[in-house]
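Asks: quick one: sequence plus predicted model below, questions after.
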Amino acid sequence: GHVIPWNYPMQIFGRSVGGALAAGNTCVIKPAEDACLSVLRVAQLAAEVGFPPGTINVVTGYGHEVGDALARHPGIDHISFTGSPSVGTLIAQAAAERHCPVTLELGGKSPQIVFADADLDAALPAIVNAIVQNAGQTCSAGSRLLVERSLYEPLLERLGALFSKLRAGPAALDLDVGPLIRATQKERVLDFLAQAEAAGIATVARGSVVPEAPAGGFYAAPVLLRDVPADHRLAQEEIFGPVLCAMAFDDEDHAVQLANGTAFGLVAGVWTRDGARQMRMARRLQCGQVFINNYGAGGGVELPFGGVKSSGYGREKGFEALYGFTVLKTVAIRPNTCFNAASYKPVSRSVTSSRRSLVVATSARPRASALRCSAELKNTHCPSPSARSSRIAGVDSGAAASVAMALRNSSASLSNCSRGPFASLPAATRK
């Protein structure tokens, strides 16, 4: 099961559903109610190009109805969720009632840490982009700026000049910043800024909303704040808007203390020419990804992504994601009890396979529970999807019926499913 957020629906669909399909699973996807059309369209395209019916299933609806039904359904063997920590907690609790594993990506309060020896010509554009990308509505946004004290004033002067030139407006104008997702998100950003003003937190620079923007649009001008107290709400909570909070640090230990001083731990950026410091900082920072002298540039599909603490657990992207979408099964066979010992050739490597394969040594198996009903496992008890749906309790009946229908579609596609994430690789490359 996959619960997709509204801020990057296609990207997260690709990295989450793509990995699950590669591991031999069928998928039931619940897109965000604010941004479901792109996911529905890609599911249509998948059907048009020949994906087996039932491989990709999309169930739309509200999170408290469809999302809850998906997390509680006994026919779902794994949940991937990207969203807020509060909703992630509810998903994990619902899944825990039936011991279903969950991958949670829950956002962050990621720091950009700039030492006095940093290359500012390289750092400044990356710092700006990391907070204005998608209007700051990015889980890995660099929303805190930690600067060595000797560099603090010169950096803020240069960065403020860049912020003052930033413009927000309609996407069609191709400006620096687009709209926020909805009115409540704009209200959230403005509320944080009002609290900053009430606390006497100084504004270094503010961008602008262009006159062409509709008066009722959800636009917020980028803002650079300075001397934000480390324990203030602005420095602790995810704003999810184009607001950058700057603060100074005295030395390396102080930088680490500030960087690790929130409940989150998703991403960090380190800007320094000192190679030994780069490695020390990478070890000491409590987060899932560390970018050194860059930010996000190496964040492609090949790099595992995820966090620690309130940023969640589990990993998406890379081979680590495939491990999350499979189950390790160890099979030990005494050779002369099963087949001719003379023909036995020891297997010295682990093999990743689907639930329908039997291997000597170990096998990682897809989590999709529908695969339990495959032809090779007919002698194994497995309730039908309709039987599974009859055991749903405490959830909206319409949402439960939708999830059950998606599972029936998944079962229908089993004969065409992949036999595992490495099935297409030559035997010598399977590890």
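Replies: Yep, it's here.
Asks: pull the number of nearby residues for Ser140.
Replies: 25 (other Cβ atoms under 10 Å). Every C-beta, even on glycine, is put in place using the N, C-alpha and C of the backbone.
Asks: wait, a strand at it?
Replies: No: Ser140: not assigned to a strand; according to DSSP: H, G, I helix; E, B strand; the rest coil it is coil.
Asks: give the contact list for it.
Replies: 108, 110, 130, 266-267, 289, 296, 299 (Cβ atoms under 8 Å, 6 or more residues apart in numbering).
Asks: take these and write them to a markdown table, including pLDDT and secondary structure.
Replies: Below are the contacts of Ser140 laid out as a markdown table (pLDDT from 0 to 100; DSSP: H, G, I helix; E, B strand; the rest coil):
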| residue | pLDDT | secondary structure |
| --- | --- | --- |
| Gly108 | 96 | coil |
| Ser110 | 97 | coil |
| Ala130 | 97 | helix |
| Leu266 | 97 | coil |
| Val267 | 97 | strand |
| Gln289 | 96 | strand |
| Gly296 | 84 | coil |
| Gly299 | 68 | coil |
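Asks: which of those are buried, as a ChimeraX select command?
Replies: Listed next is the ChimeraX selection for buried residues among the contacts of Ser140, using 16 or more other Cβ atoms under 10 Å:
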select :108,110,130,266,267,289,296
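Asks: in the stretch 201-350 of the chain, where is pLDDT below threshold?
Replies: Within the stretch 201-350 of the chain, the ranges that satisfy pLDDT under 70 run 297-299, 337-350.
Asks: in it, which spans are helices?
Replies: 233-236, 252-259, 275-284, 318-324 (DSSP state H, counting those that start in this stretch).
Asks: could you export the ones you listed as CSV, including mean neighbour count and distance to Pro211?
Replies: Shown next, in CSV, are the helices of the stretch 201-350 of the chain (neighbours: other Cβ atoms under 10 Å; distance: least, Cβ to Cβ, whole Å):
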stretch, mean neighbour count, distance to Pro211
helix 233-236, 18, 29
helix 252-259, 18, 39
helix 275-284, 14, 44
helix 318-324, 19, 45
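Asks: Arg15: which of the contacts of Ser140 is nearest?
Replies: Gly299 (10.4 Å; Cβ to Cβ).
Asks: who's in contact with the residue most central in space within the chain?
Replies: Nearest to the mean C-alpha position of the chain, counting by Cα atoms, centre = their mean, stands Glu105 at 4.4 Å. Listed by Cβ under 8 Å, 6+ apart, the contact set of Glu105 reads 81-83, 139, 266, 305-307, 311-312, 314, 316.
Asks: now with 6 Å?
Replies: Residues in contact with Glu105 (Cβ atoms under 6 Å, 6 or more residues apart in numbering) are 82, 306, 312.
Asks: which among those residues count as buried?
Replies: Neighbour-count burial (16+ other Cβ under 10 Å) applied to those gives 82, 306, 312.
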